[in-house]
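Chemist: Quick check, what structure comes out for this input:
(chains A, B and C)
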Amino acid sequence: MSARDEILGRVRSALSGVSPAVDLPPAPRAPDRGDLVALFVERVEDYRAVVTRCSPDDLGSVVAEVLGSASSVVPPGLGLDVAGSVVDDGLAAADLDRIDAVVTRARVGIAETGTLVLDHAPDQGRRAISLVPDLHVCIVDAAQVVADVPDAIALLDPARPTTWISGPSATSDIELDRVEGVHGPRTLHVVLVG
Amino acid sequence: MSGTFVGMPAFPTAAREALADTQLRRNLAHATRTIRDKRAAVVAEVEDWEELRVAGAAVKEAALRDLATHLETLEASLVAAGATVHWARDAAEACAIVASVAHTHGVDEVVKVKSMATAEIGLNEALEAEGIAAWETDLAELIVQLGDDLPSHILVPAIHRNRAEVREIFRRRMGDVGRPAPDDLTDEPAMLAGAARAHLREKFLRAKVAVSGANFAVADTGTLVVVESEGNGRMCLTLPDVLVSVVGIEKVVATWSDLDPMLRLLPRSSTGERMNPYTSTWSGVTPGDGPQEVHVVLLDNGRTRALADDVGRQALRCIRCSACLNVCPVYERVGGHAYGSVYPGPIGAILNPLLNGVADEQTASLPYASSLCGACFEVCPVRIDIPSVLVDQRAAVVDSHRGDRVPKPEAVAMKAAAWTFSSAKRLARAERASGLAGRVLGRFSRTTLPGGRAAAGRLPGPAAGWTGARDLPAPPTESFREWWDRTDGGRDGSAR
Amino acid sequence: MRVALQVTCVNDAMFPDTGKAVVRLLRRLGVEVDFPQAQTCCGQPMVNTGYLDEAVPVVRAFVDAFAGYDAIVTPSGSCAGSARHQHSIVADRSGDPALVAAVAETGPRTYELSEFLVDVLGVTDVGAYFPHRVTYHPTCHSLRMLGVGDRPTRLLEAVRGIELVDLPNATECCGFGGTFALKNADTSVAMGADKARHVRDTGAEVLVAGDNSCLMHVGGMLSRQRAGVRVMHLAEVLATTEDTEGGSSGPAVGERAGDRA
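Modeler: Okay, here's the model as predicted:
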């Protein structure tokens, strides 16, 4: 018998006589917290990420200012000219490792948890580009901010890869003390538009 | 490479040694207190935490109770998304599958995302035997691997190490397996994390094959989820050409929306954060993005054994958050190694016997490694009633010895106690004997409890387990029932 | 209302003063309790050690002794928890539908003392007088299995003359755990040592709890350390009045001395 059939057989026999019916109560919703965008900013900053708010007209100059002299890579569909930036066309990991920063958009922002979710559409690019460079500049529109995790789950397409980002990379592995900056970008700079 | 739990003594013996390790006691007390406080703070932020726990428990319970259906759905979804699905009855089969994928690509190394399933099956040792180096990339796993050590916590396997010890391990061992630690390495956690970043970066950039587990596997979409902090997971899940994920069959949830209560419950319970720094989800192969060859190994290895246990089944709801370890007064004092398994603490004390049975003495000692205080149940995000399962597993241990030709002294004592307690007459007789002992002790004892009652100090024999560290009150000369009889429940006017 | 006292085997054999205190306290509050002479033990020692078959006749003795009572009061969170949460496990194991039905009757009618006082009698001021510095340890089964919450401390706060001080890390287990104290004696003692340290840090004269088995463990350690802290069951504090306290040099010394030969 194949391992597959044997395991499924064991599962069925383990559950013989067990009713599959389980009452599934809906998960509770967080109460209305008022200004979602303000909460989002507060919670992102709690992770020691940097947040800059700007108008759509100022976006280009704000991003340029955040990048300063850092070399950068952008996804092909960013929809924003970043001077001197390399447009990703399938760069090797080693090439990405030589680039200081990446500029992407995001799919959704979660206020309750201060989370950005990327679904790696053309304005966000391949997963690798927002991972290897040490500075991630992530542009999110105020209108993209939702209240809580269930709202984000409902918006996301599970067929696409998603990356949920809550602050810079961090670890608590030494004495349960949280320190920022391990393998992922050590600096997360969120540019909030609108 | 790393140590082994094989041949570990039973819990009471291992615990005794651990209790004498002052550094361990100090490290654990500090770490568990830190994480307990963080968890309590972020859980208190969620007004309906209890309802969220109920919802999370229901999601997992529903998936388990119709597991065969969900596994078939998961397989079909994964295949449709371009993944190759393997099934492994046990650890050896799972290890062989991973090794065969690695051999197919001719690699002599793989990078690994922290994964309990691969630790459980001893994948690193199995791959090493096949000439393949498995590099752990999670900071705590790296500390354990470089230190030739054993994991002692589910979330933070190196929780038993403090910063000074980590610095020493990095200085001594990093150079043997790659980029050495910088000469000016201090014991600042940020600098230690920086050393790990530099050491592992070359491995991430060159790796062709990565191995991961998964926190959740969504049946209807074929999506795997990895919840992490450092970005080592993203590196492994994104950069190599080939990804093999070893997933316990209990990781299944039915639908994408079921991730909602889970992704709210896990980070707050685990690292004590509103959300962990990184969560990755992927469904099979995404053309042009990430690994273009994706394997998923669905692992049994005792899970169907646990599934068949009506009381113990709930342990398979576990999402490996470690909240139960962090609040456990036993774990806090003895640490994880005493449990002799990659699954220590309260959840380990039920999961190991459920997965493996209680035939060997070490596993059979685990359900007793608890005072049944219930702190674990209180914090469990999926409401596993660990104390009840502990008691049930104790019964399994006792039942497994019912056929013994020579019963254990404890069994004889319990039978005698049950015989006495089955009849008030017999109990009264026993109490009269104890009262007599009390009279003798009262006369000769030189120990007096605060308040004036006579007591026994250190006694030899079976009483030594108690009186080694605690005085024992002398039995009273008159039991309550004798007093009630004599005084008509105090109604005869006598004060006592 | 017919009320039965389940004194518990530990109190019957080792701490009769606790049983007497419950009788005195309830009588003062106008409740005459019965002491069904057929009672023995709740069966918890067997259940918690895994001896379910052995627990069956013990649980049977329990339901036989307490059948027909409206309320069963016990000065032990642990034994109340056993009756409410574990007797059904034992009854199911027995395969005897009559026992299953019987424990479904006795279980919900079993009250830990503080629950009975606060929820059934509706009192928090029981008219007690206890002019001593006291700290209270919430035992695990009363706290987490029964959920007695702040009932015991509300009762203690209403005691005249008492100086109630918070116990640090109060909700952490003392390490008794029934047979755990013997099977894992080293770990049990390590936990008890920390509990004893926290008790000493309060500067209290008296450590109070609702379970004498836990108190026997922590009190045994405090005694060994010559810490100068005595342990007392909640019932004994609540039963003490101006008349019985009598301004003696220590808390109810005479009463305990009565246990001496």
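
Chemist: Tell me the secondary structure of the residue in chain A that chain B sits nearest to, please.
Modeler: For chain A, the nearest residue to chain B under the criterion Cβ to the nearest Cβ is residue A:184, separated by 2.5 Å. Where C-beta positions appear, they are placed from N, C-alpha and C, glycine not excepted. Applying DSSP: H, G, I helix; E, B strand; the rest coil to residue A:184 yields a three-state assignment of coil.

Chemist: Phi first, then psi, for it.
Modeler: Geometry field for residue A:184 lists phi and psi as phi -80, psi -180, criterion degrees, to the nearest 10.

Chemist: That one against residue B:234, yeah?
Modeler: Yes. Under the contact definition of Cβ atoms under 8 Å, residue A:184 touches residue B:234, with a separation of 6.0 Å.

Chemist: hey, what's in contact with both of these two?
Modeler: Counting by Cβ atoms under 8 Å, 6 or more residues apart in numbering or on different chains, the residues touching both residue A:184 and residue B:234 are A:131, B:278.

Chemist: By average pLDDT, which secondary structure element in chain C comes out worst?
Modeler: The helix or strand of chain C with the lowest confidence, counting by mean pLDDT, DSSP states H and E, is helix C:253-257 at a mean of 39.

Chemist: what's the answer for chain A, then?
Modeler: Ranking every helix and strand in chain A by mean pLDDT, DSSP H and E puts strand A:179-180 at the bottom, with a mean of 90.

Chemist: Show me what that strand is packed up against.
Modeler: Packed against strand A:179-180, as judged by 3 or more Cβ pairs under 8 Å, 6 or more residues apart in numbering or on different chains; DSSP states H and E, are the following elements: strand A:170-171, helix B:189-206.

Chemist: Go through those and name the closest to residue B:114.
Modeler: Shortest separation from residue B:114 across these is recorded for strand A:170-171, at 11.0 Å, computed as Cβ to Cβ.

Chemist: Now do that closest one: distance to the chain's middle.
Modeler: 16 Å (Cα atoms, centre = their mean, to the nearest Å).

Chemist: That one: partners in the sheet, and parallel or antiparallel?
Modeler: Strands adjacent to strand A:170-171 in the sheet, as given by DSSP bridges, are strand A:179-180 (antiparallel).

Chemist: So which residues of the stretch 51-200 of chain B form strands?
Modeler: Remark: strands assigned in the stretch 51-200 of chain B by DSSP state E, counting those that start in this stretch are B:84-88, B:109-112, B:133-136.

Chemist: just to revisit the earlier point, let me have the helices and strands packed on strand A:179-180 in TSV, extended by mean pLDDT.
Modeler: Below are the helices and strands packed on strand A:179-180 laid out as TSV (pLDDT from 0 to 100):
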stretch	mean pLDDT
strand A:170-171	94
helix B:189-206	95
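
Chemist: Adding mean neighbour count, write these out as JSON lines.
Modeler: Supplementary listing: those in JSON lines, determined by neighbours: other Cβ atoms under 10 Å in any protein chain shown:
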{"stretch": "strand A:170-171", "mean neighbour count": "27"}
{"stretch": "helix B:189-206", "mean neighbour count": "20"}
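
Chemist: Return the most buried member of the strands of the stretch 51-200 of chain B.
Modeler: strand B:109-112 (a mean of 24; mean count of other Cβ atoms under 10 Å in any protein chain shown).

Chemist: And that one, what does it pack against?
Modeler: Counting contacts by 3+ Cβ pairs under 8 Å, 6+ apart, strand B:109-112 is packed against helix B:123-129, strand B:133-136, helix B:189-206, strand B:209-212, helix B:232-238.

Chemist: Turn those into TSV, including distance to residue A:77.
Modeler: Output for these, formatted as TSV (distance: least, Cβ to Cβ, whole Å):
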stretch	distance to residue A:77
helix B:123-129	39
strand B:133-136	34
helix B:189-206	26
strand B:209-212	27
helix B:232-238	19
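
Chemist: Contact partners for residue B:118?
Modeler: Residues near residue B:118 by Cβ under 8 Å, 6+ apart: B:98, B:112, B:124, B:211, B:213, B:246.

Chemist: Apply 10 Å and report the result again.
Modeler: The contact partners of residue B:118, by Cβ atoms under 10 Å, 6 or more residues apart in numbering or on different chains, come to B:91, B:94-95, B:98, B:112, B:124, B:126-127, B:134, B:136, B:211-213, B:244-246, B:297, B:299, B:342.

Chemist: All set, thanks.
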